[in-house]
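K.L.:
Fold the following and give me the result.
(one chain, ligands or ions: 1)
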Amino acid sequence: MSLFTSPFDPAREAALVTGAGNGIGRAIAQALVGEGVRTVFADLHEDRVLAAIKAAPRPELALPWVGDLAQRKACDALLAHAQASLGQVTHFVHSASPPRREADHAMAVDDETWRQMHAVNLDAGFHLSRELARRLIAAKTPGSFLLLTSLHAGTPRNLPHYSTAKAGMAMLVKELAKSWGRHGIRVNALVPGAIAAGGFVADPALAKHIPLGRLGQAEDLAPLAVAVLSHKISGYVTGASIVVDGGLSLTNWFAPPELD
Ligand SMILES: NC(=O)c1ccc[n+]([C@@H]2O[C@H](COP(=O)([O-])OP(=O)(O)OC[C@H]3O[C@@H](n4cnc5c(N)ncnc54)[C@H](O)[C@@H]3O)[C@@H](O)[C@H]2O)c1
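P.N.:
Residues are numbered from 1 along each chain as shown. Now for the predicted structure:
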């Protein structure tokens, strides 16, 4: 039998994806419904969610949710909505993040921008993960969670609110993977490189620093996200940071060697 057919069990498994209105979250949510998984598409912007669902391979499996995940009440409303419409959520992807603006460097970023970045990425990521895990542990059901971190969890980005939020998420993945492994809940990080997806304005000149020679697309992330989420494919993978960056993280101050 093929290893890669039916990566999920749609009768028992259902997913919640944040940031599903755009970019990487949208590509992953669309890939999940394409694999037959009922999925809540959660985002701040209704028009984006509806467009993402309309363009999904099996829109009848997608459920919209609109709200601001910087607010604890909205996170709880999302959990209630997901449970009411899907039953047990077994797969969780946290891709929502406020936009990154180059002007928000260390001397300029204001308190509200700092707070929002941490609230959506780290606080909502922790709260949603923990509440979903509580339900899974009580039901003795396995789960698989994927948090979108960044290469800038480990290297500065000139956006301290962003890099510190991502660094916190990178450690959160390890904490949760260690805490919940015995309960069959796997928690991993997906680490994109420079993806022309919407969250930042991609400078095409960056391509010369990328060994594979181009910026990434959101669709470059979705296949590996599906693979890591699937217990069938990645049942022994937890606490891992999976880098999808075309080799960008190999870049340093030295130009690559001239080969002839
Ligand atoms: N694009 C990249 O190059 C890149 C690189 C490294 C990491 N990442 C990470 O991957 C994830 C997705 O990135 P992207 O470029 O696809 O982002 P994006 O901006 O294209 O999409 C993010 C989505 O999150 C939603 N969102 C923002 N604030 C929200 C809130 N308060 N409540 C609910 N939804 C909210 C937005 O409406 C948007 O649809 C992010 O966590 C980002 O930090 C992206």
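
K.L.:
near the ligand, which residues of the stretch 151-260 of the chain?
P.N.:
For the stretch 151-260 of the chain, the residues in contact with the ligand (CB under 6 Å from any ligand atom) are 192, 194-195, 197-200, 218. For every residue, glycine as well, the C-beta is placed using N, CA and C.

K.L.:
give me that answer again for 5 Å
P.N.:
192, 195, 197-199 (CB under 5 Å from any ligand atom).

K.L.:
wait, which of the residues you listed is closest to residue 72?
P.N.:
Nearest to residue 72 among these: residue 199, at 23.0 Å, using CB to CB.

K.L.:
which phi and psi does the closest one have?
P.N.:
phi -70, psi -20 (degrees, to the nearest 10).

K.L.:
For it, which residues are in contact?
P.N.:
22-24, 97, 99-100 (CB atoms under 8 Å, 6 or more residues apart in numbering).

K.L.:
Find out how far the longest strand seen in the chain is from the centre of the chain, if you would.
P.N.:
In the chain, assigned by DSSP state E, the strand with the most residues is strand 185-192. Relative to its parent chain, strand 185-192 has a centroid offset of 8 Å by CA atoms, centre = their mean, to the nearest Å.

K.L.:
now that strand: mean pLDDT?
P.N.:
Averaging pLDDT along strand 185-192 yields 98.

K.L.:
Could you do stretch 159-175 as well?
P.N.:
98.

K.L.:
Work out the gap between it and the centre of the chain.
P.N.:
13 Å.

K.L.:
buried ones in it?
P.N.:
159-170, 172-174 (16 or more other CB atoms under 10 Å).

K.L.:
just stretch 207-227 next, same as before
P.N.:
207, 209-210, 215-216, 218, 220-222, 224-226.

K.L.:
Throw those into TSV and include pLDDT and secondary structure, thanks.
P.N.:
Formatted as TSV, the buried residues of stretch 207-227 follow (pLDDT from 0 to 100; DSSP: H, G, I helix; E, B strand; the rest coil):
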residue	pLDDT	secondary structure
207	91	helix
209	89	helix
210	94	coil
215	95	coil
216	96	strand
218	96	helix
220	98	helix
221	97	helix
222	98	helix
224	97	helix
225	98	helix
226	98	helix
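
K.L.:
Farthest pair within the residues you listed?
P.N.:
209 and 226 (27.8 Å).

K.L.:
Which positions in the stretch 1-150 of the chain make contact with the ligand?
P.N.:
Near the ligand, when you scan the stretch 1-150 of the chain using CB under 5 Å from any ligand atom, you find 19, 21-24, 43-45, 68-70, 95-98, 120, 148, 150.

K.L.:
Pull out the buried members of those residues.
P.N.:
19, 21-24, 43-44, 69-70, 95-98, 120, 148, 150.

K.L.:
Among those residues, which are located in strands?
P.N.:
43, 148.

K.L.:
And for residue 33, the neighbour number?
P.N.:
Residue 33 has 24 neighbours, counted by other CB atoms under 10 Å.

K.L.:
same deal with residue 47?
P.N.:
Around residue 47 there are 10 residues (other CB under 10 Å).

K.L.:
How about it, nearest residue that isn't a chain neighbour?
P.N.:
Closest residue to residue 47 apart from its sequence neighbours, by CB to CB, 6 or more residues apart in numbering: residue 21 at 8.0 Å.

K.L.:
Surely the one you found and residue 45 touch.
P.N.:
Yes - counting by CB atoms under 8 Å, residue 45 is a contact partner of residue 21 at 5.1 Å.
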